[in-house]
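K.L.:
When you get a sec, could you give me coordinates for this:
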Amino acid sequence: MAAADPMAPHALLLPYPAQGHVIPLMELAHRLLDRGFAVTFVNTEFNHRRVVGAAAAGASSSAGGRRLRLVGVADGMDDGEDRDNLLRLNATMKEAMLPQLEALLDGEGGAAGKGLGRVTCVVVDAGMSWALDAAKRRGVPTAALWPASAAVLAVILGAKNLIHDGVIDDDGAPVKLENNSFRLAESMAPMDATFLSWNYMGNRDKKRMVFHYLTTSAWAADAKADVLLCNTFADLEPDIFTQHSPASILPIGPLRTWQRSTTTSEALAGHFWRADDEDCLSFLDAQLRGSVVYVAFGSLAVMSPAQLQELAVALDASGRPFLWVFRPGLAGKLPTAFTDLVARHAGRGKFVRWAPQEIVLAHSAVGCFVTHCGWNSTLEGIRNGVPLLCWPYFTDQFANQTYICDIWRVGIRVATVGREGIVTKEEITERLESLLGDGGVKERVNKLKELAESSMSGEGQSLKNLNAFMESIRK
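P.N.:
Predicted coordinates for the structure are as follows:
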């Protein structure tokens, strides 16, 4: 590696330890690298091993010579514990990780040997705002990135006012909703109850714990960071950026709108599993334009064997080719009927462990996206002009579904909010056909695609915001 400029800025980035948070922080890391920054990217040790292992063949933590250093730190959980148990992880990681971060900020851990120099600025996930004090004590510029929608963030930041107005109680439970909606401010339009995202997190105890974690973290990020960033763009959520809102949120997304190479050789995209690039692309290349149903439920969703079987039968009955991301942990023991269906799908359907989703959604063969409605997946669907069939799992995914189906009208629901029980193969097939046959949906999602592209190109507002932010932390 060439000798580093000792005066060059050096950013430390700290994502919340979940796939949907690591990816946008890694995208921001690449933007900083493009502008001449050195970057230290700090994952938990568990996720560090996954990110490095999932990188394209031949990739290394030096990112092909770019000044990117990947670091893993202990999260406080024991070997063998379930890292998908985010409530448990939240309870352990601050105490365990903070001393290790302090050492990195003080130049320990090999930064000098890598030629990166001392850390000069810090960007943390808003869910890791407890790390901001350490940066502030060292006098370096700070930012917090919220990797979900600005509307959900605005509601979390405005929770004190909602409690004061009697809309929710002290633990976030709804108290006074009108037509299942509320107003964040008198000057703003009503918002659907799904934007109280913590209330879509299992039992009451989980809802309460998530509410207090989200609000405490977001309030600290808003108070302590020099700037509060969000991976969105103003034209996507105009009410948040054109009317009164409880916080000043700077939209800098969608972060992947630049036409940066997304070939199979690209390393360190932040994924936890290695994507089956060749299998996905060779399958898609053999299909007709707009014919493929792409199915992917993100990194945390879990489905019952019975529901998976209904979905498999529905895909079989649809007669359409499909590409299904069947990641480890999506389900436990599968019924025999399901495995029999998998065998029958050979040729027309393709099952992969993980997919290069950006490349898949940009492929002309993809006609629709069956999605859990995570914010990254939502943005990726929009910026590639792909209609969305919504199957949310928890938290803000239900708010994203409301955006997709009711506000932007670029997709439809698999089932009504709060429905219990199995969605049948007949229902799934009917909704697939309805979505694929709706030219209006396709027209609307293409308009959003154009807005997404313009926001991060030329004189686009998100690009201006991002450039101004990078200049501010360079000083």
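K.L.:
So, low pLDDT: which residues of the stretch 101-250 of the chain?
P.N.:
109-115, 243-247 (pLDDT under 70).
K.L.:
just checking, I359 touches C280?
P.N.:
Yes. At 7.4 Å, I359 counts as touching C280 under the criterion of C-beta atoms under 8 Å. The way it works is simple: take the backbone N, C-alpha and C, and place the C-beta from them, glycine included.
K.L.:
more neighbours, those two?
P.N.:
Taking neighbours as other C-beta atoms under 10 Å, I359 and C280 compare with C280 leading, 23 against 18.
K.L.:
Provide the strand pairings for the helix or strand N43 falls within, with the direction of each partner.
P.N.:
In the assignment (DSSP states H and E), N43 maps to strand 38-44. With DSSP bridges as the test, strand 38-44 is paired with strand 10-14 (parallel), strand 68-73 (parallel).
K.L.:
Need phi/psi at A234.
P.N.:
phi -60, psi -40 (degrees, to the nearest 10).
K.L.:
Which residues are in contact with the residue nearest to it when sequence neighbours are not counted?
P.N.:
Nearest residue to A234, sequence neighbours excluded (C-beta to C-beta, 6 or more residues apart in numbering): F241, at 4.2 Å. By C-beta atoms under 8 Å, 6 or more residues apart in numbering, the contact list for F241 reads A150, A234, I249, P251.
K.L.:
How about E27?
P.N.:
L255, R256, G270.
K.L.:
The second one - how many residues pack around it?
P.N.:
For R256, the number of neighbouring residues by other C-beta under 10 Å comes to 23.
K.L.:
hang on, isn't it packed against I382?
P.N.:
No. R256 is not in contact with I382 according to C-beta under 8 Å; the separation is 11.2 Å.
K.L.:
quick one, helices of the stretch 1-150 of the chain?
P.N.:
19-34, 45-54, 86-105, 132-137, 150-157 (DSSP state H, counting those that start in this stretch).
K.L.:
try the stretch 151-300 of the chain
P.N.:
159-164, 204-224, 238-242, 277-285.
K.L.:
Tell me which of those helices sits most buried.
P.N.:
The highest mean neighbour count among the helices of the stretch 151-300 of the chain, using mean count of other C-beta atoms under 10 Å, belongs to helix 204-224: a mean of 18.
K.L.:
got the angle for it vs helix 86-105?
P.N.:
With axes from the mean of the first three to the mean of the last three C-alpha atoms, to 10 degrees applied, the angle from helix 204-224 to helix 86-105 works out at 30 degrees.
K.L.:
Can you give the contact residues for helix 204-224?
P.N.:
87, 90, 124, 126-130, 132-133, 136, 142, 144, 146, 153, 156-157, 159, 171-173, 197-199, 201, 228, 247, 395.
K.L.:
so what's I168 closest to, chain neighbours aside?
P.N.:
L162 (4.9 Å).
K.L.:
Please apply the same query to F233.
P.N.:
Closest to F233 by C-beta to C-beta, 6+ apart is S455, at 3.8 Å.
K.L.:
So the one you found sits against A234, correct?
P.N.:
Yes. Counting by C-beta under 8 Å, S455 touches A234, with 7.3 Å between them.
K.L.:
who touches both of these two?
P.N.:
By C-beta under 8 Å, 6+ apart, the residues touching both S455 and A234 are P251, Q461, S462.
K.L.:
Buried ones among the contacts of helix 204-224?
P.N.:
90, 124, 126-130, 132, 142, 144, 146, 153, 156-157, 159, 172, 197-199, 201, 228, 247, 395 (16 or more other C-beta atoms under 10 Å).
K.L.:
Return the subset of those lying in strands.
P.N.:
Judged by DSSP state E, the buried ones among the contacts of helix 204-224 include V124, T142, A144, W146, L228 as members of strands.
K.L.:
distance of the last one from G139?
P.N.:
Right, the one you point to is L228. According to C-beta to C-beta, to the nearest Å, L228 and G139 sit 20 Å apart.
K.L.:
Check F211 too.
P.N.:
33 Å.
K.L.:
where do the helices sit along the stretch 351-475 of the chain?
P.N.:
Counting by DSSP H, counting those that start in this stretch, the helices of the stretch 351-475 of the chain are 357-362, 375-383, 397-402, 425-436, 439-455, 461-474.
K.L.:
With H21 as the reference, name the closest of these.
P.N.:
H21 lies closest to helix 375-383 among the helices of the stretch 351-475 of the chain, at 9.1 Å (C-beta to C-beta).
K.L.:
I'd like the average pLDDT over the closest one.
P.N.:
The pLDDT scores in helix 375-383 average 97.
K.L.:
just checking, what packs against that helix?
P.N.:
In terms of contacts (3 or more C-beta pairs under 8 Å, 6 or more residues apart in numbering; DSSP states H and E), helix 375-383 is packed against helix 19-34, helix 357-362, strand 366-371, helix 439-455.
K.L.:
From K206, how far out is F322?
P.N.:
33 Å.
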